[in-house]
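Novice: when you get a sec, could you give me coordinates for this:
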Amino acid sequence: MKKTQLGLIFGGRSCEHEVSVISALQLSRFVDLNKYDLYPIYINKSGEWFWGDGLLELNNFREPIMFSKPGIYERVTLDITSRSGALTVMQNGKGLFGKPKLKIITKLDCALVVMHGLHGEDGSLQGFLELADIPYSSTGVVGSAAGMDKIIMKHVFRGAGIPVLEDTSILRSDFRENRKSVVYEIEKVLPYPVFVKPANLGSSIGISKARNREELISAIELACEYDRRILIERGLNEPVEVNCSVMGFDNDIRASVIEMPSTGGDMLGFFEKYLRDSGGEGMASLSRIIPAPIGAELTKKVKELSMKVFRLLDCKGVVRIDWMIDQVTGKLFITEINTIPGSLSFYLWNKTEPPIRYPKLIDNLVLYAIKAHEEKHENNYAYHSDLFSKMSLTGSKGSKA
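Specialist: Numbers count the residues shown, from 1 in each chain. So this is what the prediction gives:
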């Protein structure tokens, strides 16, 4: 039986570049090589694409990958021609007058997208793969874009009746032009504490809690380093954070067991998520309680709302949806959706009943990617008209003739 030619795309021009590398290397350990030929495809911080078995070794990322190293990794290009799937490398010609030769490494059947943040999780890479007509594992263009942009995301959730915390948003240009006025407008609509977040960023990068005006100004200044649009959201005093993963496509979806990360009564920062005693394991190493001790009724509500969010953004593959519980009122609020979660939330599916081990999770990602691709090709893209025969470019009315 022919193996599936599986591309593993990771890295990227993102502040979450290193997180993506860790997640991808985790996944690579569990790929069933009896079913798949795995092709690691790494995008460096300059946007150059590389492939090679050496990209599955963490030590090779200690220094920036900028140049081809034959036998370890090489610069590659993915053919954007529809249904080609060709992963190609330009090889030097032999001899003094030898011409460079384009070599096809493989023709991908499917792409596992393990990207975090901009230029990978935000719909841009998904759009590229749509043009190339290659099945891919993550949520599509629209859901990815909405899930990346916290401001748009909250408008979508609010419109669909998903409970969200009160918020407002500002532009970096307005803040730099008249910070006093901007801060005044924020304080008019939101009480302290507040959380200040760049609109398009994950892994808690650039996010700060502000308890007063001085901290608010500092938090906005930090967020402005990462985005031109800033979300300011009402904070809760010592909330309980719970997360739920959802997997599937179309009507075939399921929710995982719910986790309660150890937040210490506050939001997890980048350090807590990825650096504290992680041993390179990323989100999988985070201290957490599974299942979250929140009672049967609230557990059911979190799972039902998480699946509603999944359907709302027409997600596919594996996502993680983060929630906060107000300990005073008991109310539940959505924090965000991660359309490509750190570690692909495999640690949640391992403990869901019945458990889904990582190799099976990978099988499911490929299955849903191919199913979505086949569904798309049931659409009619070949509507024919006689418009050209009726058009005239020489008349006074031009194309309207």
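Novice: show me what contacts the nearest residue to L55 once chain neighbours are set aside?
Specialist: Once flanking residues are discounted, L55 sits nearest to P40: 4.2 Å by C-beta to C-beta, 6 or more residues apart in numbering. Any C-beta I mention is one placed from the backbone N, CA and C, and that applies to glycine too. Each residue near P40 by C-beta atoms under 8 Å, 6 or more residues apart in numbering is listed here: L8, F10, A24, S28, W51, G52, D53, L55, L56.
Novice: look up the pLDDT of the second one for me, please.
Specialist: Put plainly, it is F10. On pLDDT, F10 comes in at 98.
Novice: okay, now it: neighbour count?
Specialist: 26 (other C-beta atoms under 10 Å).
Novice: quickly find the element holding the residue lying closest to it once chain neighbours are set aside.
Specialist: Closest residue to F10 apart from its sequence neighbours, by C-beta to C-beta, 6+ apart: A24 at 3.4 Å. Assigned by DSSP states H and E, A24 belongs to helix 17-28.
Novice: helices of the stretch 201-350 of the chain, start to end?
Specialist: Assigned by DSSP state H, counting those that start in this stretch, the stretch 201-350 of the chain shows helices spanning 213-224, 270, 296-312, 346-349.
Novice: now these in TSV, with mean pLDDT, distance to E74 and mean neighbour count?
Specialist: Below are the helices of the stretch 201-350 of the chain laid out as TSV (pLDDT from 0 to 100; distance: least, C-beta to C-beta, whole Å; neighbours: other C-beta atoms under 10 Å):
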stretch	mean pLDDT	distance to E74	mean neighbour count
helix 213-224	96	38	18
helix 270	43	32	16
helix 296-312	98	38	17
helix 346-349	97	29	24
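Novice: which of the ones you listed sits closest to Q91?
Specialist: helix 346-349 (36.8 Å; C-beta to C-beta).
Novice: now the closest one: how far from the chain's centre is it?
Specialist: For helix 346-349, the separation from the chain centroid amounts to 17 Å (computed by C-alpha atoms, centre = their mean, to the nearest Å).
Novice: please begin residue numbering at 23 from this point
Specialist: In the new count, where the first residue is 23, that last one comes out as helix 368-371.
Novice: what sits up against it?
Specialist: Outside helix 368-371, the residues touching it (C-beta under 8 Å, 6+ apart) are 48, 52, 265-267, 269, 278-279, 281, 305-306, 310, 312, 340, 342, 377-380, 383.
Novice: which among those end up buried?
Specialist: 48, 265-267, 269, 278-279, 281, 305-306, 310, 312, 340, 342, 378, 380, 383 (16 or more other C-beta atoms under 10 Å).
Novice: about what we covered before: the contacts of helix 368-371 in strands, which ones?
Specialist: Counting by DSSP state E, the members of the contacts of helix 368-371 that fall within strands are N265, C266, S267, M269, S278, V279, E281, R310, V340, R342.
Novice: max pairwise distance over the residues you listed: which two?
Specialist: M269 and R310, at 18.5 Å, using C-beta to C-beta across these.
Novice: centre of the chain to the helix holding A46, how far?
Specialist: 12 Å.
Novice: which elements pack onto that helix?
Specialist: Packing contacts for helix 39-50, counted by 3 or more C-beta pairs under 8 Å, 6 or more residues apart in numbering; DSSP states H and E, involve strand 26-33, strand 58-65, strand 132-136.
Novice: if we use 6 Å, what do you get?
Specialist: strand 26-33 (3 or more C-beta pairs under 6 Å, 6 or more residues apart in numbering; DSSP states H and E).
Novice: can you list contacts of the strand it packs on?
Specialist: 39, 42, 46, 58-65, 128, 130-136 (C-beta atoms under 6 Å, 6 or more residues apart in numbering).
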